[in-house]
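Sequence and computational prediction follow.
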Amino acid sequence: MLTAGCASTKSKKNYPPIMQFYLESTIPDPERNLKVRISEEPPVDITIDRSRLMDQSNIRNIGIVERTGTFALMIAFDYRGTRILEQISTANRGQRCAIYCEFTFNKTNVSRWLGAPVITHRITDGILEFTPRMSREEAEVLVKQMQPVIKQNLKNQ
């Protein structure tokens, strides 16, 4: 599911988390692209290619990394995701990788764009670190909810 903003709805059912990765597009094609708002300070509006690069099935590990005064999410990808990340980071320097997520927090289904880090260098190790647009508590819940998904991903390899 792709949405252009952020939404939260009350729900009694916890669904498995979804995490999707999209590349910023510079080609003006409304059939192929979607404008999204990454609500950072200040908000950033970007145009992304509707074609998903990767999703939660490509994640083999996720964790929180301490930063001075804040934190970052560290996502390690499987072999396929590592190759995709290397290809896009080589060919698309200066563009953004938009990260969309759905998870459950305090019995509320949350869907939002977590961020859109600028690709500054070639990434060959399959690890993406970025400062997400979420609280530390939300990040901890997301990491915990991703563990069964990751376990299943590793089992399926």
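It's in. Residues are numbered from 1 along each chain as shown.

State which helix of the chain is the longest.
helix 136-156 (DSSP state H).

mind checking how far it is from the chain centre?
13 Å (Cα atoms, centre = their mean, to the nearest Å).

List the buried residues of it.
Glu138, Ala139, Val141, Leu142, Val143, Gln145, Met146, Val149, Ile150, Asn153 (16 or more other Cβ atoms under 10 Å). Using the backbone N, CA and C atoms, a C-beta is placed for each residue, glycine as well.

Now that the first one has come up, it's in contact with Phe105, right?
Pointing back at Glu138 there. Yes: with contact defined as Cβ atoms under 8 Å, Glu138 counts as touching Phe105 (5.4 Å).

For the most centrally placed residue in the chain, report the pLDDT, please.
With distances taken as Cα atoms, centre = their mean, the residue of the chain nearest its centroid is Ile99 (2.8 Å). Ile99 is assigned 97 on the pLDDT scale.

Excluding chain neighbours, give the residue nearest to it in space.
Leu114 (4.5 Å; Cβ to Cβ, 6 or more residues apart in numbering).

okay, who's weakest in the buried residues of helix 136-156 by pLDDT?
Among the buried residues of helix 136-156, Asn153 carries the lowest pLDDT, at 85.

For that one, list the residues it contacts.
Applying Cβ atoms under 8 Å, 6 or more residues apart in numbering to Asn153 gives the contacts Gln56, Ser57, Asn58, Ile59, Arg60, Asp78.
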